[in-house]
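>>> quick one: sequence plus predicted model below, questions after.
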Amino acid sequence: MKKLSEVLFFFNDTATTEIYTELTTLETKMFCGCKLSHDDEPNTNVCPVCLGLPGALPVPNKRAIEYIVKAGLATNCEIQKHSMFYRKHYFYPDMAKNFQTTQGPVAFAMHGRLDLEVTGRGAAERPECAFGEAEAESLASASAGAVGLSASMVRDLPEGLTLGTAPNVMTKGTGVEGGDAAQAGALAGLSGYDTASLAVPERHEDGSYTVPIRILRIHMEEDAAKMVHVGGEEGRIGGAAESLIDYNRCGTPLIELVTEPDLRTPEEARLFMEKLRRIFITLGISDCSMEKGSMRCDGNVSLRRRGSSELGTKTELKNLNSFKALHDGLAYEICRQAEVLEAGGEIYQETRHWEPSRKRTVVMRVKETADDYRFFPDPDLAPFDLTDEFIDHCHAELPELPDARRERFVRDFGIKRADAEQIAGDPEVAKFFEAAAAGLAGKEAQIVANLVVNELPAYLRGVGVALSESELAPAHVASLAKLLASDAISSNQGHEVFEAMAKTGEDPEKIVDERGMRQVSDAGALQPIVDEVLEHYQDQAQQYRDGNQKVLGFLVGQCMKASRGQGNPKLFNELLRAALS
C-alpha cells in the first residue's frame, strides 16, 4: 500500500465529517424528564417516553434548543427560525421504539464555516497541487456533486410541498405559506451549490496554510441506548456471546454537525474536530469526552484522480472516538481506496469500522440511504418557530470564543500563538492563566504560559485530579515564573518547585529558600569555580579549543557539581566560553 503523500499527489481526497456531541451539561433528556447520567446503574433513568411505550408523548427540552442555537451562532451558521422534527426509522435494539427522533431537511443551524490554521508536519500532508486554481475547480465540482442528508430528504418533502423555480422560493399549492416560506432559504440550492464565491487555501512562506471548512448543518436528535457486546473483539458484536443494553443513554440530547466536502487531508479533519471541541467546551454545552463517548465522529471518504470532475464512491468510517483514530482511520481508508482503484477494482458505498489494533478498516454493512430510513414528520411534535428574541437571548449568552481569546492573549501578554491557542481552548485553564499572568508581559508572561501548557497538565494527570480540585494558586505560578525569569533557579529546579508547591500549597519563594535552591548569579563568585574546573580538566578544555563543542556541557556540569548545584548554569556557560576563547 502506497504512503499517504504519494496517494494525495495523484488522487484528490474529498472528505466530510459528521460529528456527534451529547449535551451532557443538561439535567434531563431531550423529550422527557429522565435524569442525564452515564454513571448510574443501567436502566434506572428510563420512562415510557424514552422507552417508546404506547401512548407516551414527547415534550422538547427548551434548554437543549438554546444549546444548539448557541452552537450554530459560535460556528457562524444561519439560525433557521422554522424547522421540525422527523422520525428516522431503523430496527435495532438500541432504540426501543424503532425510530430516532431527528430533524428534517431544515435544521436549527445551517450553512456555517470555521477557518483552520494548519501548521508544522500536518501542513505537509496537503500537496502543492491541492492549492490555487486547480483546487478551486476541484472544490467547486465536489460541492456541486455533493449529496447529503438534506438533499436526500428534500426529495421526500411532505405531500404538496415542492421547491419553487425561483431562487429561495418554496411553494405549496399556488403560493408560499407560513413556515414553508421560512424553509425556502435554507433548502434552496441543496442539489446545486453556488460555487462562485468558494474560498480556497493559500500556502504561506513557512509552509502553513489557512483553509475554510464549510458546515452544511447542525441538527438536533436523540442518542440511542448503549450496547455492550460481551466477548466480542474490541467490543464489537461479531463473535460476542451476548449483548447487553443500557437505556439510560437513550433520549440524551445529541447534536450532529455535518461538514461540506471541503476537507482534503486527515490532518484537516483532526484539526476541525479539535477546534469544534474547544468551542463546545467554551460554550459549556458538553464535556466533549471522547473516552466516554459524549463526542464521536464519522468520517466519509471518496477518491478521484486529479483533474477528474466525477466524484468517487463514498465510504463511511463509523464511530471514531479519538483524534488519532480519526486521522489514522481516514489515512488508511484513503490509501486503501487508491490501491483498489489502481488495481482496476471498484469502491462500494458501505460503512466500515476502524480497528486501531490492526490498523485497518473492515466492512460493517452496506450503507443505507434516506429511503431506507422512511423519514416523515413526527406527528407528536409541533413545528418549531424560533423568535428573534429567543435567538438574541442565545447570542447575548455567548462567552468569548477560543479564537478571540487566543488573539487577546497574544496581544495583551505577548505569548507564543501556539501556547495561546492551547490555553484558550479550555475555559478553566484560560481563567487560571489570566489570573497568574495578570500584570505580566514579555518573558515573565511567556514563562507562565510555559508552566500552564507543560507543567500543569503533567502534574494533574500524575495525581489524577482536576485543576479545580488541586492546591495550585495562580499567584504561586506567577511567583515561580518571576524566579525563573530572573535566573534565581534553573528550569530543572523550576520543575521540582512546581511539584512541591502543587502538593503543599506553599509559596515557591519559601520552597526555594528552605531547600537552598536559589542560584548564585554573581560572576565574581563563580569565576574561581570556572578557573578551578578548567585547571582540573585541561584535556577537555583543549578538546573544546580544537572544535569539540559538545564537551562544553561536560564542563558546565562539573562547575554545577563544584558549586553544589547553586551556580547559574547559563552564567557558567558564558564564563567558560569567555575563558576558553
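Noted; the coordinates are in hand.
>>> let me know the helix or strand that the most centrally placed residue in the chain is in.
Nearest to the geometric centre of the chain sits residue 274, at 1.5 Å (CA atoms, centre = their mean). Using DSSP states H and E, residue 274 falls within helix 266-283.
>>> can you pull the contacts of the residue nearest to the residue nearest to the centre of the chain when sequence neighbours are not counted?
If the residues on either side of it in the chain are set aside, residue 274 comes closest to residue 323, at 6.0 Å by CB to CB, 6 or more residues apart in numbering. (Glycine included, C-beta is placed from N, CA and C.) Residues in contact with residue 323 (CB atoms under 8 Å, 6 or more residues apart in numbering) are 270, 273-274, 290.
>>> what's the answer for residue 331, then?
By CB under 8 Å, 6+ apart, residue 331 lies in contact with 4, 266.
>>> wait, is it part of a helix?
Yes: when DSSP: H, G, I helix; E, B strand; the rest coil is applied, residue 331 is found to be in a helix.
>>> can you pull the pLDDT of it?
Reported pLDDT at residue 331 in the predicted model: 96.
>>> which residues of the stretch 201-350 of the chain fall in strands?
202-203, 209-222, 226-230, 242-246, 253-259, 295-305, 315-320, 350-355 (DSSP state E, counting those that start in this stretch).
>>> how about the helix holding residue 274, which residues are buried there?
Judged by neighbour count using 16 or more other CB atoms under 10 Å, the buried positions of helix 266-283 are 266-273, 275-283.
>>> so what does it touch, helix or strand wise?
strand 11-22, helix 62-74, strand 109-118, helix 120-123, strand 209-222, strand 295-305, helix 323-342, helix 402-413 (3 or more CB pairs under 8 Å, 6 or more residues apart in numbering; DSSP states H and E).
>>> distance check, residue 94 against residue 56.
18 Å (CB to CB, to the nearest Å).
>>> ok, now residue 412?
54 Å.
>>> same question for residue 349.
Per CB to CB, residue 349 is found 36 Å from residue 56.
>>> same check, this time on residue 47
In terms of CB to CB, residue 47 sits 8 Å off from residue 56.
>>> again, but for residue 453
50 Å.
>>> and those two? Which one has more around it.
residue 453 (19 against 15; other CB atoms under 10 Å).
>>> pLDDT score assigned to the more buried one?
Reported pLDDT for residue 453: 96.
>>> likewise residue 25?
For residue 25, the pLDDT comes out at 96.
>>> try the one 10 residues further on
We have a pLDDT of 96 for residue 35.
>>> got it, and residue 31?
Looking at residue 31, the pLDDT reads 97.
>>> equivalent analysis for residue 190, please.
Residue 190 carries a pLDDT value of 49.
>>> and if you look at residue 264?
For residue 264, the pLDDT comes out at 92.
>>> now do residue 312
Listed pLDDT for residue 312 reads 87.
>>> next, count neighbours for it.
As a burial measure, residue 312 scores 18 neighbours (other CB under 10 Å).
>>> what does residue 203 give?
Residue 203, neighbours per other CB under 10 Å, totals 17.
>>> state the pLDDT value of it.
89.
>>> give me every residue that touches the closest residue to it other than its chain neighbours.
Closest residue to residue 203 apart from its sequence neighbours, by CB to CB, 6+ apart: residue 209 at 4.5 Å. Going by CB under 8 Å, 6+ apart, residue 209 touches 117-118, 123, 126, 131, 201-203.
>>> let's see 6 Å
By CB atoms under 6 Å, 6 or more residues apart in numbering, residue 209 lies in contact with 118, 123, 201, 203.
>>> between those residues, which is closest to residue 298?
Distance to residue 298 across the contacts of residue 209 (CB to CB) is lowest for residue 118, with 21.7 Å.
>>> list the beta-bridge partners for the closest one.
Beta-bridge pairing for residue 118 (DSSP bridges): residue 209.
>>> tabulate the helices and strands packed on helix 266-283 in TSV, adding columns for distance to residue 566.
TSV is the format used below for the helices and strands packed on helix 266-283 (distance: least, CB to CB, whole Å):
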stretch	distance to residue 566
strand 11-22	53
helix 62-74	51
strand 109-118	44
helix 120-123	39
strand 209-222	48
strand 295-305	49
helix 323-342	44
helix 402-413	31
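>>> and the ones you listed: which comes nearest residue 458?
Among the helices and strands packed on helix 266-283, the nearest to residue 458 by CB to CB is helix 323-342 (19.1 Å).
>>> quick check: angle from the closest one to helix 266-283?
If you take axes from the mean of the first three to the mean of the last three CA atoms, to 10 degrees, helix 323-342 sits at 150 degrees to helix 266-283.
>>> what comes up buried for helix 323-342?
Using 16+ other CB under 10 Å as the test for burial, helix 323-342 gives 323, 325-338, 341.
>>> what angle separates that helix from strand 11-22?
Using the same axes, to 10 degrees: helix 323-342 against strand 11-22 is 150 degrees.
>>> low-scoring stretches of the stretch 251-400 of the chain, by residue?
By pLDDT under 70, the weakly predicted segments of the stretch 251-400 of the chain are 367-370.
>>> check which helix or strand covers residue 420.
Per DSSP H and E: residue 420 is located in helix 417-424.
>>> for residue 448, same thing?
Per DSSP H and E: helix 442-450 holds residue 448.
>>> and the next helix or strand past that helix?
Assigned by DSSP H and E, the successor of helix 442-450 is helix 456-463.
>>> gap between that following helix and the chain center?
In terms of CA atoms, centre = their mean, to the nearest Å, the centre of helix 456-463 is found 21 Å from the chain centre.
>>> same question for stretch 271-282.
4 Å.
>>> ok, now how distant is the closest residue to residue 103 other than its chain neighbours from residue 254?
Closest residue in space to residue 103, ignoring its immediate chain neighbours: residue 219 at 3.9 Å, by CB to CB, 6+ apart. Look at residue 219 and residue 254: by CB to CB, they are 9 Å apart.
>>> for residue 312, same thing?
Distance, residue 312 to residue 254, by CB to CB: 30 Å.
>>> over to stretch 278-290 now: how far is its first residue from its last?
Start and end residues of stretch 278-290 are separated by 13 Å (CA to CA, to the nearest Å).
>>> same question but for stretch 55-64, I mixed them up
Using CA to CA, the gap from the first to the last residue of stretch 55-64 comes to 24 Å.
>>> ok, now stretch 545-554?
14 Å.
>>> over to stretch 388-407?
30 Å.
>>> how far does the host helix or strand of residue 527 sit from its chain's centre?
Using DSSP H and E, the element containing residue 527 is helix 523-536. Its chain's C-alpha centre and that of helix 523-536 lie 53 Å apart, by CA atoms, centre = their mean.
>>> buried residues in that helix?
For helix 523-536, a neighbour-count test (16+ other CB under 10 Å) marks 526, 529-530, 533-534 as buried.
>>> mind putting these into TSV with pLDDT and distance to residue 230?
Putting the buried residues of helix 523-536 into TSV (pLDDT from 0 to 100; distance: CB to CB, whole Å) gives the following:
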residue	pLDDT	distance to residue 230
526	81	67
529	84	67
530	80	68
533	82	66
534	84	70
